[in-house]
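# From the sequence below, what's the structure:
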Amino acid sequence: IYYHRTAGAGDPLNLTRSLSKAWTSVVPKGKLLLLDLWADAGPLWHLLDSFFGHDFIWCMLHSFGGNDGMWADLRTVSREPILALHNSHPGSLQGFGITPEGINQNWVAYELMLETPWREDPLSSSELLAWIDHYAVRRGHGASNEALKHISSAWQLLAGSVYNLSCTPPGATPHNSTMC
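Residues are numbered from 1 along each chain as shown. This next block holds a predicted model:
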């Protein structure tokens, strides 16, 4: 590391790539399983050539120690795992995971994440809204039809606000606020 820093390696990504490649190159393929731990917000698999052909798991790290605000990027959760499956180094993506550091909140994010890898293609915007409607009905099981309409409407509002992190700049750290 000292050599790279003093030799003027420049771009931190180049430093990360060179160190990662050096570290993984000493391990035979098939003998190392890496976790792309925060792939839902800061994926490394595509920056590091699918970890240079080593096995990896695409993970959603959502709550960071049990931060329990209402937030998630459902669009990313419904899209990125499938794109990783189709675009990663053949055979290197071994599975999908969640890192539930305090899972007693945001069940919608975890449920969507655990369903997503079973799909062939990412959900379109309209399909995601339909999925949220179905989620609302499942969560409101036993409610009257009138109540289900209100529940569904409330979930659509949440999907367009706190469960749509379009208000968070790319690369920003996760937040646990309902304000964007």
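
# is it true that residue 77 lies in a helix?
Yes - under DSSP: H, G, I helix; E, B strand; the rest coil, residue 77 sits within a helix.

# So it versus residue 106, what's the distance?
Using Cβ to Cβ, to the nearest Å, residue 77 is found at 10 Å from residue 106. C-beta here means a position set from N, CA and C on the backbone, and glycine is covered the same way.

# so how far is stretch 126-143 from its chain's centroid?
Offset of stretch 126-143 from its chain centre (Cα atoms, centre = their mean, to the nearest Å): 21 Å.

# Just the mean pLDDT for that stretch, thanks.
Stretch 126-143 carries an average pLDDT of 90.

# and that stretch, which residues are buried?
Using 16 or more other Cβ atoms under 10 Å as the burial criterion, the residues of stretch 126-143 that qualify are 128, 131, 132, 133, 135, 136, 140.

# low-confidence ranges in this protein?
1-13, 15, 66-68, 102-104, 166-180 (pLDDT under 70).

# What are the boundaries of the strands in it?
Counting by DSSP state E, the chain has strands at residues 33-36, 55-61, 93-99.

# what's the nearest residue to residue 109 if we skip its chain neighbours?
residue 72 (3.8 Å; Cβ to Cβ, 6 or more residues apart in numbering).

# what's the answer for residue 112, then?
Nearest non-adjacent residue to residue 112, counting by Cβ to Cβ, 6+ apart: residue 77, 5.1 Å away.

# Can you tell me how far the one you found is from residue 111?
10 Å.

# between the two, who's got more neighbours?
Counted by other Cβ atoms under 10 Å, residue 77 and residue 111 do not tie: residue 77 has more neighbours, with 25 against 15.

# Tell me the buried residues in stretch 113-128?
Within stretch 113-128, the residues that count as buried by 16+ other Cβ under 10 Å are 113, 116, 122, 123, 128.

# Out of the residues you listed, which sit inside helices?
Residues of the buried residues of stretch 113-128 located in helices (DSSP state H): 113, 128.

# and the buried residues of stretch 113-128 as a markdown table, adding distance to residue 17?
As requested, these are exported to a markdown table (distance: Cβ to Cβ, whole Å):
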| residue | distance to residue 17 |
| --- | --- |
| 113 | 27 |
| 116 | 28 |
| 122 | 27 |
| 123 | 32 |
| 128 | 33 |
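
# check contacts around the residue nearest in space to the middle of the chain.
With distances taken as Cα atoms, centre = their mean, residue 40 lies nearest the centre of the chain, 2.1 Å away. Residues in contact with residue 40 (Cβ atoms under 8 Å, 6 or more residues apart in numbering) are 59, 60, 61, 62, 73, 76, 77, 80, 113.
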